[in-house]
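In: sequence and predicted model, in that order:
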Amino acid sequence: MKILCIDSSTKNLSLALADKDGVKYNYNKSFNKGPVSESIIPEIKNILKKVSWCLSEIDVFCVGLGPGSFTGLRVGVATIKGLAFALNKPIIGFSSLDLLAMNVNQDGQVCVIVDAKRDLVFSCVYDKLSDSISRKSEYVLSNIDDVISKLNSDVIFIGDAVPLYKEKITESQINLIFIEDETRYNQNAKYLWYIAQTRLEKKDFDSIEGITPLYLYSEDCQVRRK
């Protein structure tokens, strides 16, 4: 089984190719070098060449659904839906916050906080154990005070909102660990392969027509929850 994984929820495009044995190639590129709409298909073709695969050989598409950049998500998800439809191949989607939780390389309770602008954050809480995560909360759009108020034990914080709200978080009574390595602030598509294993085994695929980005800003878009 050959799998193409993609996340375009941040300013970086993240792509990965995997098979049943694991990730074969992982690639990340900043959108600062050009419009996302002009980057995705050429970069997919480039990484396929790296492992001598053809697009027609892809068996499953895995995609990060956000929340995050409106434009990046819209273009990225639409591109993968188009490829899956044209090739008649299945598709699986996960929240991009799940991928950030997988960036943590130690076990424990993880709180992902991503800057959503307007003094808000996209957030979710997980239990991380080895190469797996289990979600303990909904995917939410809220202020940092609401996020902190729901935490009551040791917490590992990760995400690009950490530098913005670190001072306020440290004023709380919870025990904290911050993942401050900025290379870990962007979602990495390679983790789609890890978190998709159970669904791949069960052939639990999303409908191409029904899969949509997870925007969370309800006044702009419809909310999608898994």
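Out: Thanks, I have the structure now. Numbering: from 1, shown residues only.
In: so where's the chain shaky on pLDDT?
Out: Counting by pLDDT under 70, the ranges of the chain that qualify are 31-37, 218-226.
In: who's in contact with the residue most central in space within the chain?
Out: With distances taken as Cα atoms, centre = their mean, S96 lies nearest the centre of the chain, 1.9 Å away. Neighbour list for S96: D7, S9, T10, G64, L65, G66, P67, G68, Q187, L214 [criterion: Cβ atoms under 8 Å, 6 or more residues apart in numbering]. The C-beta positions use only the backbone N, C-alpha and C, and glycine is treated the same way.
In: redo that, cut-off 6 Å
Out: When contacts are counted by Cβ atoms under 6 Å, 6 or more residues apart in numbering, S96 touches D7, S9, G64, G66, G68, Q187.
In: cool, and N175?
Out: So N175 contacts D154 (Cβ under 6 Å, 6+ apart).
In: where's it relative to C111, distance?
Out: Separation of N175 from C111 (Cβ to Cβ, to the nearest Å): 12 Å.
In: how about K49?
Out: Distance from K49 to C111, counting by Cβ to Cβ: 39 Å.
In: spatially nearest residue to I92 (excluding sequence neighbours)?
Out: C62 (4.9 Å; Cβ to Cβ, 6 or more residues apart in numbering).
In: first-to-last residue distance for stretch 47-56?
Out: Taking Cα to Cα, to the nearest Å, stretch 47-56 runs 14 Å from one end to the other.
In: got a list of contacts for it?
Out: Applying Cβ under 6 Å, 6+ apart, the contact partners of stretch 47-56 are L15, L17, K24, Y25, Y27.
In: pick the one among those closest to R118.
Out: Set against R118, the nearest of the contacts of stretch 47-56 by Cβ to Cβ is L15 (29.8 Å).
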